[in-house]
Structure formats: C-alpha cells, structure tokens
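Asker: I need the structure of the sequence given here:
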Amino acid sequence: MTLDSEHSCNCLNFSFFLNKQLNKVFYPNLIFIFFILFFIQPSFADPFSSGDVALGENLHNQNCKTCHDGMVPGGDGNELYLSELRVISTSSKLISQVEFCANQNGLTWFEEEIESVSKYLNDNFYNFSD
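Answerer: Have a look, this model is predicted:
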C-alpha cells in the first residue's frame, strides 16, 4: 500500500467515523426541533399571546385615548383603528407603533405593557393572526 492510498484510506475511515458521530448527535436533535416546532406552531396564531387585554385597555384609556380623540374630528380616537383610516398593516408594525407612541409621550412602559396594549388593540380592532 502506498502512502497516497494509505492516506486516502485513513481519510475515508475518519470521514465514515465523523459521519457516524454526527448522525448520533444531529438526527435526534433534528427530530427534537421538528417536534418542538410542530407543537409550538399553534401559539403563533396569536401574535400577542402574552399580553393582558384588561391591562392593555386600561393603559390605552389612560394614556392613548385623549391624544387619539384630539386627532379625529368629532373626538372619537377609535376611528383611527378603522380599516379605511388605518396605517398599521402587520402585528409587528402594531407593536412598533405602540412602543413609538409610548416613547413619544414619555411613558416608561415595560415590554409587558406594550404587549398588553398591542393585544387590546389587536383583539378589538386589528385582528392580526401573524
């Protein structure tokens, strides 16, 4: 056996060994990942699953409603959420807008509060499912 063929043989043995070891680690993990994604997927149907609607409504009424009422002729700020006047088109844009408005008004809301106001708005006006 020449040096080249011996080297080639050792490489093949190592490649076979490495492939075997990767299969022991990779495939069970891959199955686990698919399992998790399959069972977690239904939670993606509600983009604001961790929000509290009652808290969101309370925060919205205390901090957002007055400003929005002043933006609409007739004083009903909820009209901003009607489909013909709405500028928000996705759940991620809704969260961003709630966070932007909170920051612009000097509110020091935690993520839970932003999520709760977003959930309240989504459940009552937007109905995003992504």
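Asker: got the contact list for the nearest residue to residue 123 once chain neighbours are set aside?
Answerer: Spatially, and ignoring its direct neighbours in sequence, residue 123 is nearest to residue 53 (5.7 Å; Cβ to Cβ, 6 or more residues apart in numbering). To be clear about C-beta, it is placed using only N, CA and C from the backbone, and glycine gets the same treatment. Under the criterion of Cβ atoms under 8 Å, 6 or more residues apart in numbering, the contact list for residue 53 reads 116, 119, 120, 123.
Asker: the second one reaches residue 48, doesn't it?
Answerer: Which is residue 119. Yes. Counting by Cβ atoms under 8 Å, residue 48 is a contact partner of residue 119 at 3.6 Å.
Asker: tell me which of the two has more neighbours.
Answerer: Neighbours around residue 119 and residue 48, counted as other Cβ atoms under 10 Å, are more numerous at residue 119. The numbers are 26 against 23.
Asker: can you tell me how far that one sits from residue 103?
Answerer: Using Cβ to Cβ, to the nearest Å, one obtains 19 Å as the distance from residue 119 to residue 103.
Asker: same check, this time on residue 49
Answerer: Relative to residue 103, and taking Cβ to Cβ, residue 49 is found at 24 Å.
Asker: where does the record place the domain boundaries for this protein?
Answerer: The chain breaks down into these domains under automatic domain parsing: 3-44, 53-126.
Asker: what's the least confident stretch among the ones you listed?
Answerer: Per-segment mean pLDDT for the domains of the chain reaches its minimum on domain 3-44, at a mean of 57.
Asker: backbone dihedrals for residue 108, please?
Answerer: Here the main-chain torsion angles of residue 108 (degrees, to the nearest 10) amount to phi -100, psi 70.
Asker: what is the burial count for it?
Answerer: Going by other Cβ under 10 Å, the residues that sit close to residue 108 add up to 7.
Asker: ok, it - contacts?
Answerer: When contacts are counted by Cβ under 8 Å, 6+ apart, residue 108 touches no other residue.
Asker: ok, now how distant is it from residue 121?
Answerer: From residue 108 across to residue 121, the span is 20 Å (Cβ to Cβ).
Asker: equivalent analysis for residue 98, please.
Answerer: In this structure, residue 98 and residue 121 are separated by 7 Å, where distance is defined by Cβ to Cβ.
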